[in-house]
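Engineer: Sequence plus the predicted model coming up.
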Amino acid sequence: MKVALFATCFNDTMWLGTPRAVVTLLERLGCAVEFPTAQTCCGQMLTNTGYADEAVPLVRSFARVFEPYDAIVVPSGSCTGSVRQQHAWLARRAGDPGLEKAVTDLTPRVYELSEFLVDVLGVTDVGAYFPHRVTYHPTCHSMRMIRVGDRPLQLLRAVRGIDLAPLPLAEECCGFGGTFAMKNADVSVAMGADKARHVRETGAEVVVAGDNSCLAHIGGLLERQRAGVRTLHLAEVLASTEESRA
Amino acid sequence: MSRTFVGMPKFPIAAHTALADTQLRRNLGHATATIRAKRAAVVAEVDDWEERRVRGAEAKDRALANLDTYLLELEARLVEAGATVHWARDGAEANAIVVDLTRAADADEVVKVKSMATVEIGLNEALEAAGIRAWETDLAELIVQLGDDLPSHILVPAIHRNRSEVREIFLREMAGAGRPAPDDLSDDPARLAEAARLHLREKFLRAKVAVSGANFAIAETGTLVVVESEGNGRMCLTLPDTLISVVGIEKLLPTWDDLAVMMQLLPRSSTGERMNPYTSMWTGVTPGDGPQHVHVVLVDNGRTDVLADVEGRQALRCIRCSACLNVCPVYERVGGHAYGSVYPGPIGAVLGPMLRGTQGEVEKALPYASSLCGACFDVCPVRIEIPELLVHLRTRVVDESRGGFPSAEGLAMKMTALTLATSGRLEKAQNAATLTGRLLGSHTTLGCLPWPLTSWSNARDAPAPPKQTFRQWWRATHDGGRP
Ligand code: SF4
């Protein structure tokens, strides 16, 4: 099985720890992973802000770069959702049936990290060690767009040393929402303030999620409050071991 | 007397004000949390809820796909049953018809059943301009009307008010509109309801004309259906001699079987009840019983434009249950007024711009009044893909702005698209970022960013650019990367 990592542009640029953790984790599980360096971005920010025309070249490039692989692993529920639910629409909108076919052929092979681990590799205990009090925030796109269900929690429950605290009103949006965080900053922050409060109520030291975009928002608020709560991507918790702690 | 939505500020500005209103936040937070929990409990009782949602969507789609023939069937059945059918292209035409019919009945007042369609077309204002008083008889609608306020929710227009505010409004305003509230009125819900009942009763008994909307219009028999909780609707629909129903053309259902599906979906989704207390159905005129002059005004007012939009037309499936409002984290925090239009919440952010076009400032901002969290789709009983429709409308807003002087955002997006077009360009931009990261030394977060990123950093710290990108790490550690 030829496995590719789609790091996502945001992780590639701002959060190298996350895609690095995916590589470490998958290699530890005996799965060789490639990083096709021609990759850039799924285009979600453009698409969701209304710039569909601008997003189409990114769809084209995504389909071309990842076509040779059997599985494409993505450490982001949101970017996985964009590929699965928006790329075909964008191709159709661009009046390009060839691209639409390429996209629909490719998307079943695109997996969010927890889906790939649980469904394709068939593991829930990935041999991780993380001795901290953790609360998990299910991001909206992982939960309601691609429906990862409790896969991330199955993985977290199997982590040695972890003290997993349930997050109150976990399923409510944190308020990030892409450019919503800027265009409607007041509402975004009001939502995030409630999310940060619920995180603090758990007494967790670390809040974990499958999307660094949401974590940047939640973490930005917690950091401003000097709450002493760290944000960490699911991949980094799962990659953590006694020898190499996240 | 009543206010309208015209001239409301666009969403981000209105939301800023609403968020600072502590009482509003509390009233809304309490009300939406209660109704959300009720809905979740009664929906969980139904094993095949998903199948019912699918059937609901199919029934509506079938109606919409053949609306032209079904509407004519509805008209024919109504006429056979003794009703008069009027067709209105827009709100102004519909209002003129209702004014003329009321005058012809020699009336200077009407009692009203709660109806979104009549709010949409501004009927009360049109009647007032013609010297006709319109009395709202739904409790929440009465509170809004007496308080010279605007509705803020589809189902519970006064959701933004708590009972002590309602008591004050009743004490202050009821006397000017008819029977006054008792001096010793308390904020006990039973006392408030009693005051409203006594106040309304004299209007029910006096009125010669009633105006209603309809939740559904069944083509095969020409039957209109009103679903309600308080019984005020039943009073209006049976006591006056003349009944005028203003019905949006998308309310049509082909058959009674379709109504059965809707009645399984609507009460559980809207009030969180297994069945609502009052469901009234009437077919034209029944001699000697109920209204002897029955009029039905079928209103387009932008609906055929929505129907012509292949991707957007599913919005016409909406049965106005308001489940999407109650579950929406944005609505819960800002309330209905911030949307600046008749239909608030997620469906309002879609329907408003679809019905009225995306030219106005309010309408341009509405599709962006959502974090696209998707909670609305999950509860929608007719499976309207609201997040996708919001993106669809954002695309329309952007496309309509093309060709003119480019906005700062438009330029930024084009630059982003160009940067992301090839990995080489992305890498150059990343190198600039990591250089900044290295220059920032030990800083891992930033407290303030330059404009326009201030709207992020005003309330949130931002991550400092890292000293290395993933790509650089990969090159340094793995050789197997493909070009
Ligand atoms: S969009 Fe769906 S959930 Fe919202 S009011 Fe309409 S039918 Fe109800």
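Structural biologist: Here it is on my side, so go on. Owing to the predicted nature of the structure, the values given are computational and were not obtained by experimental measurement.
Engineer: Count residues in the vicinity of residue B:287, would you?
Structural biologist: Residues contacting residue B:287 under the criterion other CB atoms under 10 Å in any protein chain shown number 7. From N, CA and C alone the C-beta is placed, and that goes for glycine too.
Engineer: got it, and residue B:169?
Structural biologist: By the measure other CB under 10 Å, the count of residues near residue B:169 is 22.
Engineer: ok, now which ones touch it?
Structural biologist: Counting by CB atoms under 8 Å, 6 or more residues apart in numbering or on different chains, residue B:169 touches B:143, B:146, B:147, B:161.
Engineer: Among those, which are located in helices?
Structural biologist: Of the positions in the contacts of residue B:169, B:143, B:146 sit in helices, assigned by DSSP state H.
Engineer: Just list the residues touching the most centrally placed residue in chain B, thanks.
Structural biologist: Nearest to the geometric centre of chain B sits residue B:343, at 3.0 Å (CA atoms, centre = their mean). Residues counted as contacts of residue B:343 (CB under 8 Å, 6+ apart) are B:116, B:120, B:154, B:351, B:352.
Engineer: Tell me which two in the contacts of residue B:169 are the farthest apart.
Structural biologist: Within the contacts of residue B:169, B:146 and B:161 form the most distant pair, 10.7 Å apart (CB to CB).
Engineer: What is the least confident helix or strand in chain B?
Structural biologist: Ranked by mean pLDDT, DSSP states H and E, the weakest helix or strand in chain B is strand B:445-446, scoring a mean of 81.
Engineer: Let's verify residue B:135: helix, strand, or coil?
Structural biologist: Put simply, residue B:135 is strand when judged by DSSP: H, G, I helix; E, B strand; the rest coil.
Engineer: Could you report the distance from residue B:410 to residue B:396?
Structural biologist: Distance, residue B:410 to residue B:396, using CB to CB, to the nearest Å: 15 Å.
Engineer: More neighbours: which of the two?
Structural biologist: residue B:396 (21 against 18).
Engineer: State the number of residues packed around the closest residue to residue A:170 other than its chain neighbours.
Structural biologist: Nearest residue to residue A:170 in three dimensions, chain neighbours excluded: residue A:138, at 5.8 Å (CB to CB, 6 or more residues apart in numbering or on different chains). Counted with other CB under 10 Å, the neighbours of residue A:138 add up to 22.
Engineer: Now do the SS call for residue A:138.
Structural biologist: What three-state DSSP gives for residue A:138 is coil.
Engineer: tell me the domain ranges of chain A?
Structural biologist: Per automatic domain parsing, the structural domains of chain A span A:3-120, A:133-245.
Engineer: mind putting those domains in a markdown table, distance to the ligand and mean pLDDT included?
Structural biologist: Formatted as a markdown table, the domains of chain A follow (distance: least, CB to the nearest ligand atom, whole Å; pLDDT from 0 to 100):
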| stretch | distance to the ligand | mean pLDDT |
| --- | --- | --- |
| domain A:3-120 | 19 | 97 |
| domain A:133-245 | 14 | 97 |
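Engineer: want to try JSON lines for those domains, with distance to residue B:179 as columns?
Structural biologist: Converted to JSON lines, the domains of chain A look like this (distance: least, CB to CB, whole Å):
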{"stretch": "domain A:3-120", "distance to residue B:179": "52"}
{"stretch": "domain A:133-245", "distance to residue B:179": "42"}
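Engineer: Do a quick rundown of the strands in chain B.
Structural biologist: B:84-88, B:109-112, B:133-136, B:209-212, B:216-218, B:223-228, B:242-248, B:252-253, B:278-282, B:293-299, B:445-446, B:462-463 (DSSP state E).
Engineer: Ok, which of these comes nearest residue A:115?
Structural biologist: strand B:462-463 (26.3 Å).
Engineer: What's the mean pLDDT across the closest one?
Structural biologist: For strand B:462-463, mean pLDDT is 88.
Engineer: Please name every helix or strand in contact with the helix or strand residue A:193 falls within.
Structural biologist: Following DSSP states H and E, one finds residue A:193 within helix A:185-201. Using 3 or more CB pairs under 8 Å, 6 or more residues apart in numbering or on different chains; DSSP states H and E, the elements in contact with helix A:185-201 are helix A:180-183, helix A:212-224, helix B:11-19, helix B:329-334.
Engineer: for the helix or strand just after it, packing partners?
Structural biologist: Sequence-wise, the next helix or strand downstream of helix A:185-201 (DSSP H and E) is strand A:206-209. With contacts taken as 3+ CB pairs under 8 Å, 6+ apart, strand A:206-209 sits against strand A:133-136, helix A:212-224, strand A:230-233, helix A:234-239.
Engineer: what's the distance between the second one and the middle of its chain?
Structural biologist: It stands for helix A:212-224. For helix A:212-224, the separation from the chain centroid amounts to 14 Å (computed by CA atoms, centre = their mean, to the nearest Å).
Engineer: Export only the CA atoms of it, formatted as PDB.
Structural biologist: The C-alpha coordinates for helix A:212-224 follow below in PDB (Å, rounded to 0.1, in the frame of the first residue of the first chain):
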ATOM      1  CA  ASN A 212      -5.000  22.700  14.400                       C
ATOM      2  CA  SER A 213      -7.100  25.600  13.100                       C
ATOM      3  CA  CYS A 214      -9.700  25.200  15.800                       C
ATOM      4  CA  LEU A 215      -6.900  24.600  18.300                       C
ATOM      5  CA  ALA A 216      -5.200  27.900  17.300                       C
ATOM      6  CA  HIS A 217      -8.400  29.700  18.100                       C
ATOM      7  CA  ILE A 218      -9.100  27.900  21.400                       C
ATOM      8  CA  GLY A 219      -5.400  28.100  22.300                       C
ATOM      9  CA  GLY A 220      -5.200  31.700  21.400                       C
ATOM     10  CA  LEU A 221      -8.000  32.500  23.900                       C
ATOM     11  CA  LEU A 222      -6.500  30.300  26.600                       C
ATOM     12  CA  GLU A 223      -3.100  31.800  26.000                       C
ATOM     13  CA  ARG A 224      -4.500  35.300  26.300                       C
END
